[in-house]
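Colleague: Curious how this folds, go ahead:
(chains A and B)
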There are 2 protein chains.
Amino acid sequence: MLDLTPSPAVSDLDSGLPVPTGVPGVYLFPEQFEAVIALLRRGIAALAAGERFRRLQLPPVFSRRTIEQAGYVKTFPQLLGTVHRYPGDSKAWSRLAPLVESGGAWYADQEIGDLVLLPAACYPVYATLAQSTLDGPVKFAVEAPCFRQEGSSEPGRLRSFRMAELVTAATEDYCASWRAEWLDRVADWLTALSLDVAVEVADDPFFGPGRKLYQAAQRMQELKLELRVPVADGVVQAVASANLHKDHFGEAFDFTAGGAVGHTSCIAFGLERIALALTHAHGTDIEAWPATVRSILY
Amino acid sequence: MLDLTPSPAVSDLDSGLPVPTGVPGVYLFPEQFEAVIALLRRGIAALAAGERFRRLQLPPVFSRRTIEQAGYVKTFPQLLGTVHRYPGDSKAWSRLAPLVESGGAWYADQEIGDLVLLPAACYPVYATLAQSTLDGPVKFAVEAPCFRQEGSSEPGRLRSFRMAELVTAATEDYCASWRAEWLDRVADWLTALSLDVAVEVADDPFFGPGRKLYQAAQRMQELKLELRVPVADGVVQAVASANLHKDHFGEAFDFTAGGAVGHTSCIAFGLERIALALTHAHGTDIEAWPATVRSILY
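Modeller: All right, here's what the predicted structure looks like:
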């Protein structure tokens, strides 16, 4: 007999906030919270209305080869979720099936497949550019359910979350000035939403050999700039980031811009985190938010 | 040096149809296709407007224990995607990291974690009811990115797809008549969308011991009724289903209704499949669809 998984009471579903599921960092999202997420999508689309972006919705799983090729596996193995499957036949399963109820290792024969959980929304974009020559800046507005095997479970530290990204691939100069403009634009936007924003140079949690050098280089070049706001009492988190990848993805996916290896840059929005920050600042009832805040998103 | 993953050309992104990614059954969804999905969400919400449903958006990953408890692992191991992680430290990774580029088994030390990919949108609902006493019918309208390790790659046979579900938990009689009403309602709705609908008794792809008995019992009791329509030339697929689970989930999650073990029933909509069926029948440009079809969804 299996133990019952700790479950949210039905009444928890009415808080307007993400509902815990008994596993850390994975939540159900009630209607009221989804209304905030929907508003944010509109707000981000309005913010991006001055440029022509190609819009794509992305799936939560993606080609393992693409994520290997993008360099993610090598540098962030501790955050990656790999998708495994049962390769046996029905007869072999007869021997494993009883282990599900007895709490045994029914998963002993699981094998890795061709997919991983998508760790960030922009990787599929770079794959679409493989082996191409860009005549001018290419721009994408994407959203994806993303996954990272985060260790902590503080508010906003979700393992499964939705990320919206604005991505450009172009020349080095273009990407650098585009990122700078967008950093200002997003900082102003968050401020206008009455959130208390701090911009900080950050580093990614590189893993394995050379990580200190990677991080030092990333900091020195200010490749990752995070926009941090309060998402809960005493908890300040990055809700957006403005990133320069230099020619990393141009090299990895073999595309060029302006006669040189292509550069890329992206602006990432953590939808649940921004929604948490807004509900923390203004409450869960959108109708009761300050008119100035609503006017920016409606 | 890694091989380059086959990638869609940028021009493929303009078809208005799901864009292949180089791995079977996993697609990118361009703006025009997402507009159809958004319309469908509105249409389903309108169809369900006569009853009070609690709305939840669900994540693509969910508690492994819950999915074990729901009976999915035991009966559908061949379809399940399990999420694995790297448990080692940075020093141990130094030895595996070079295998990423050389094409070796960098994943040799991956371990199963506490999550699986959600195979259907309704499982988290039953978990919220665990150990409760239902005073009357409980109803949920949910959507989730779902995953099934499908073997074939015919059109519409996605591994990663979005499923909307209407779910009720109540007494046996209530669930049976609710399912019957909804079956008619969805069949009429698909017909009104000018899709050529056939209702068929179906069975789930049970695996392992006793599967023939399971399937015979499921067919005889007509527990799973599928609504099938053409989604591509010569391809007819189930785009929705109306399901009776009897007291399976009431037993598994220990909830009662009307003084007996609770029964459940669900109506599932495969959003990509219905969208494919609509674009197959009426084209990718919503504005050019027949006015009668648009009036049902707008």
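
Colleague: would you say A:Glu143 is within a strand?
Modeller: Yes: assignment of A:Glu143 by DSSP: H, G, I helix; E, B strand; the rest coil places it within a strand.

Colleague: A:Leu118 is in contact with that one, correct?
Modeller: No: if you go by Cβ atoms under 8 Å, A:Glu143 and A:Leu118 don't touch, sitting 11.0 Å apart. (Each C-beta comes from the backbone N, C-alpha and C, glycine too.)

Colleague: near chain B at all, the helix-or-strand element of chain A with minimal mean pLDDT?
Modeller: Here the helix or strand of chain A ranked lowest by mean pLDDT, DSSP states H and E is helix A:211-220, holding a mean of 83. Yes: judged by Cβ under 8 Å from any Cβ of the partner chain, helix A:211-220 comes into contact with chain B through A:Arg211.

Colleague: how does chain A divide up, domain by domain?
Modeller: Under automatic domain parsing, the residue ranges defining each domain of chain A are A:10-81+A:119-297, A:84-116.

Colleague: Deepest-packed of those, please.
Modeller: Stretch with highest mean neighbour count among those: domain A:10-81+A:119-297 (a mean of 19; mean count of other Cβ atoms under 10 Å in any protein chain shown).

Colleague: hang on, the earlier thing: give me the common contacts of A:Glu143 and A:Leu118.
Modeller: A:Leu58 (Cβ atoms under 8 Å, 6 or more residues apart in numbering or on different chains).

Colleague: Show me the shaky parts of chain A.
Modeller: Scanning chain A for pLDDT under 70 picks out A:1-11.

Colleague: tell me how far the least confident helix or strand of chain A is from the chain's mean position?
Modeller: 21 Å (Cα atoms, centre = their mean, to the nearest Å).

Colleague: What of stretch A:36-48?
Modeller: With Cα atoms, centre = their mean, you get 16 Å for stretch A:36-48.

Colleague: go on, stretch A:143-151?
Modeller: 6 Å.

Colleague: Please export the C-alpha coordinates of that stretch as PDB.
Modeller: Extracted in PDB, the C-alpha atoms of stretch A:143-151 (Å, rounded to 0.1, in the frame of the first residue of the first chain):
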ATOM      1  CA  GLU A 143       7.600  31.500 -24.100                       C
ATOM      2  CA  ALA A 144       8.300  28.000 -22.600                       C
ATOM      3  CA  PRO A 145       7.600  26.000 -19.600                       C
ATOM      4  CA  CYS A 146      11.100  25.500 -18.200                       C
ATOM      5  CA  PHE A 147      12.700  23.300 -15.700                       C
ATOM      6  CA  ARG A 148      15.700  23.500 -13.400                       C
ATOM      7  CA  GLN A 149      16.600  21.200 -10.600                       C
ATOM      8  CA  GLU A 150      16.900  23.900  -8.000                       C
ATOM      9  CA  GLY A 151      18.100  22.800  -4.500                       C
END
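
Colleague: any residues touching it, and which ones?
Modeller: A:25, A:41, A:57-60, A:78-81, A:117-121, A:124, A:157-165, A:271, B:59-61, B:83, B:85, B:113, B:145.

Colleague: Same question for stretch A:196-204.
Modeller: With contact meaning Cβ under 8 Å, 6+ apart, stretch A:196-204 is reached by A:75-76, A:183, A:187, A:190-191, A:214-215, A:218-219, A:222, A:224-230, A:236, A:238, A:241.

Colleague: which residue ranges form the strands in the stretch 51-200 of chain A?
Modeller: Assigned by DSSP state E, counting those that start in this stretch, the strands in the stretch 51-200 of chain A fall at A:54-57, A:61-63, A:82-85, A:111-117, A:133-134, A:138-147, A:160-170, A:198-201.

Colleague: Against chain B, how distant is the closest residue to A:Leu39 other than its chain neighbours?
Modeller: Distances taken as Cβ to Cβ, 6 or more residues apart in numbering or on different chains put A:Leu297 closest to A:Leu39, at 4.4 Å, once the chain neighbours are dropped. With distances taken as Cβ to the nearest Cβ, to the nearest Å, A:Leu297 is found 18 Å from chain B.

Colleague: My understanding was that A:Leu297 contacts A:Leu40; is that so?
Modeller: Yes: between A:Leu297 and A:Leu40 there is a contact under Cβ under 8 Å: 6.9 Å.

Colleague: list the helices and strands the helix or strand hosting A:Ala242 packs on?
Modeller: Element membership for A:Ala242 (DSSP states H and E) is strand A:235-246. Contacts defined by 3 or more Cβ pairs under 8 Å, 6 or more residues apart in numbering or on different chains; DSSP states H and E place strand A:235-246 against helix A:172-192, strand A:224-232, strand A:263-270, helix A:271-282.

Colleague: and that strand, how far from the chain's centre?
Modeller: Taking Cα atoms, centre = their mean, one finds the center of strand A:235-246 at 10 Å from the center of the full chain.

Colleague: Please see if the very next helix or strand once past it touches chain B.
Modeller: Toward the C-terminus, strand A:235-246 is succeeded by helix A:248-253 as the next helix or strand (DSSP H and E). Yes: Helix A:248-253 comes into contact with chain B (Cβ under 8 Å from any Cβ), by way of A:Phe253.

Colleague: same for helix A:248-253, what does it pack against?
Modeller: helix A:123-128, strand A:263-270.

Colleague: As TSV, those with distance to A:Phe253 would be great.
Modeller: Output for those, formatted as TSV (distance: least, Cβ to Cβ, whole Å):
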stretch	distance to A:Phe253
helix A:123-128	5
strand A:263-270	9
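
Colleague: Turn those into CSV, columns for distance to chain B.
Modeller: Listed next are the helices and strands packed on helix A:248-253 as CSV, based on distance: least, Cβ to the nearest Cβ, whole Å:
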stretch, distance to chain B
helix A:123-128, 5
strand A:263-270, 14
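
Colleague: what's the closest of those to B:Thr66?
Modeller: Judged by Cβ to Cβ, the one of the helices and strands packed on helix A:248-253 that comes nearest to B:Thr66 is strand A:263-270, at 25.5 Å.

Colleague: for A:Asn296, helix, strand, or coil?
Modeller: Heads up, residue A:296 is Ile, not Asn. Assigned with three-state DSSP, A:Ile296 falls in the helix class.

Colleague: give the contact list for it.
Modeller: With contact taken as Cβ under 8 Å, 6+ apart, A:Ile296 is in contact with A:Gly43, A:Ala46, A:Trp189, A:Ala192, A:Leu193.

Colleague: just A:Ala105 next, same as before
Modeller: Per Cβ under 8 Å, 6+ apart, neighbours of A:Ala105: A:Leu99.

Colleague: Next, work out how far apart it and A:Pro124 are.
Modeller: 34 Å (Cβ to Cβ, to the nearest Å).

Colleague: returning to that earlier point: ok and the strand holding A:Ala242 relative to helix A:211-220, angle-wise?
Modeller: 90 degrees (axes from the mean of the first three to the mean of the last three Cα atoms, to 10 degrees).

Colleague: Chain neighbours aside, what residue packs nearest to A:Leu195?
Modeller: Nearest residue to A:Leu195 in three dimensions, chain neighbours excluded: A:Val229, at 4.3 Å (Cβ to Cβ, 6+ apart).

Colleague: Name all residues that make contact with that neighbour.
Modeller: A:Leu190, A:Leu195, A:Asp196, A:Val197, A:Ala198, A:Val236, A:Gln237, A:Val239, A:Ala277.

Colleague: mind running it again at 10 Å?
Modeller: A:156, A:190-191, A:193, A:195-198, A:236-240, A:273-274, A:276-278, A:280-281 (Cβ atoms under 10 Å, 6 or more residues apart in numbering or on different chains).
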